[in-house]
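Chemist: Pasted the sequence and its predicted model underneath.
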Amino acid sequence: MKKILVAEDEESIREFIVINLTRSGYDVVQAENGATALAIFNKEKGDFDVAILDIMMPEIDGLTVCKELRRRSPDLGIIMLSAKTQEMDKVTGLLYGADDYVTKPFSPSELMARVDAVYRRVEMTRGFRKNDTTGETIRLDEFELNLRNRTLSKGGTMIELTQVEFQIIEYFFKNPNAALGRTDILKTVWGNNYFGDEKIVDVNIRRLRMKIEDNPSTPSRLITIWGIGYKWVTNSNK
C-alpha cells in the first residue's frame, strides 16, 4: 500500500486532500500540526512513502518538520503546501529538502499529479537500491555517479542527495559540458505534465551547489549559462 503522511491544520483542506488521496489508492495518515506529524512518523518508524506538509502549522511549522524528516529519511518524498504569499517559504522548503510544492488553492488533478510523480520517484530510487550496487557508473573527474544504487561521491566521499537532486545530476552527467535549458531540466526531472514554474529548477541547482562545490558562491562545476540554463563543466573543458 502506498502510504502518505498528511500534516495540515485546516480541517477542510486536510479532508479534501485525504479524500482525493484515498480515492487514488493511497493509505493516508493525518496530523493536525507539525508536532503530531513528527510523533506519528516516529511511532510508524518512518514507514511512509510521501509526506505532504503545510508550511504554516501550530506548535511546529512545516519547514521545521520538512528539515527533520529529510534528516531522518533521505528517500522520503516531501511536498510542501503553501499560500501564494509564501514565496520565500517555498524556496526555504526546497532548500530544506522538499521535492516539490503545491500552491493553495489547488485542484484535485494538480495535487494528484504532484503526488504520483513524487511517489514514482521514491519507488524508483528504492528499487534501484535493493538491487546489485555494481551497476553502471559515470565518472567525471573526482565525481562518481552510480546509476544502480543512485549515489554520488566526490573524491571517494559520499554526497547525500534527494531523489530530485540525483535526477538533475544524472541529466548533467549524461550531458557534460553541454548547456541545458531550464525547460529541458524541468521536463526531464519533473515530467511534461508538471504544473509549476521553472523557479524550482533554480532552487535545486542552488541546493546542489551547496553540496558539491568547494565554493558555492563561485561555482566551478555547475555553472550558470545566462539566458539558457546551466552546464556541468569538466576539467578538460576548463
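Modeler: Structure's in. What do you need?

Chemist: use CA for all of it now, contacts and neighbours both
Modeler: Will do.

Chemist: Pull the contacting residues for the residue most central in space within the chain.
Modeler: Closest residue to the average C-alpha location of the chain: residue 99 at 2.2 Å, with CA atoms, centre = their mean. Listed by CA atoms under 8 Å, 6 or more residues apart in numbering, the contact partners of residue 99 are 77, 78, 79, 118, 162, 163, 164.

Chemist: can you rerun that using 6 Å?
Modeler: 78, 79 (CA atoms under 6 Å, 6 or more residues apart in numbering).

Chemist: Got phi/psi on it?
Modeler: Backbone torsions of residue 99, given as degrees, to the nearest 10, read phi -90, psi -30.

Chemist: cool, residue 49 as well?
Modeler: Dihedral angles of residue 49 (phi, psi; degrees, to the nearest 10) stand at phi -90, psi -40.

Chemist: circling back: where's the residue nearest to the centre of the chain relative to residue 29, distance?
Modeler: From residue 99 across to residue 29, the span is 20 Å (CA to CA, to the nearest Å).

Chemist: And for residue 167?
Modeler: 28 Å.

Chemist: More neighbours: which of these two?
Modeler: The neighbour comparison of residue 167 against residue 29 (other CA atoms under 10 Å) goes to residue 167, with 20 against 16.

Chemist: and the more buried one, that's in a helix?
Modeler: Yes. Using DSSP: H, G, I helix; E, B strand; the rest coil, the assignment for residue 167 is a helix.

Chemist: can you tell me the helix or strand for the closest residue to it other than its chain neighbours?
Modeler: Among residues not flanking residue 167 along the chain, residue 189 sits closest, at 6.1 Å (CA to CA, 6 or more residues apart in numbering). Assigned by DSSP states H and E, residue 189 belongs to helix 182-190.

Chemist: do the same with residue 113
Modeler: Assigned by DSSP H and E, residue 113 falls within helix 108-130.

Chemist: Excluding covalently adjacent residues, which one is nearest to residue 166?
Modeler: The nearest residue in space to residue 166 (CA to CA, 6+ apart) is residue 150, at 6.9 Å.

Chemist: Can you get me a residue count around the one you found?
Modeler: Using other CA under 10 Å: residue 150 sits among 21 other residues.

Chemist: Just the angle for the helix or strand of the chain with the lowest mean pLDDT relative to helix 182-190, thanks.
Modeler: Lowest mean confidence among the helices and strands of the chain (mean pLDDT, DSSP states H and E): helix 108-130, at a mean of 81. Taking axes from the mean of the first three to the mean of the last three CA atoms, to 10 degrees, one finds helix 108-130 and helix 182-190 inclined to each other by 70 degrees.
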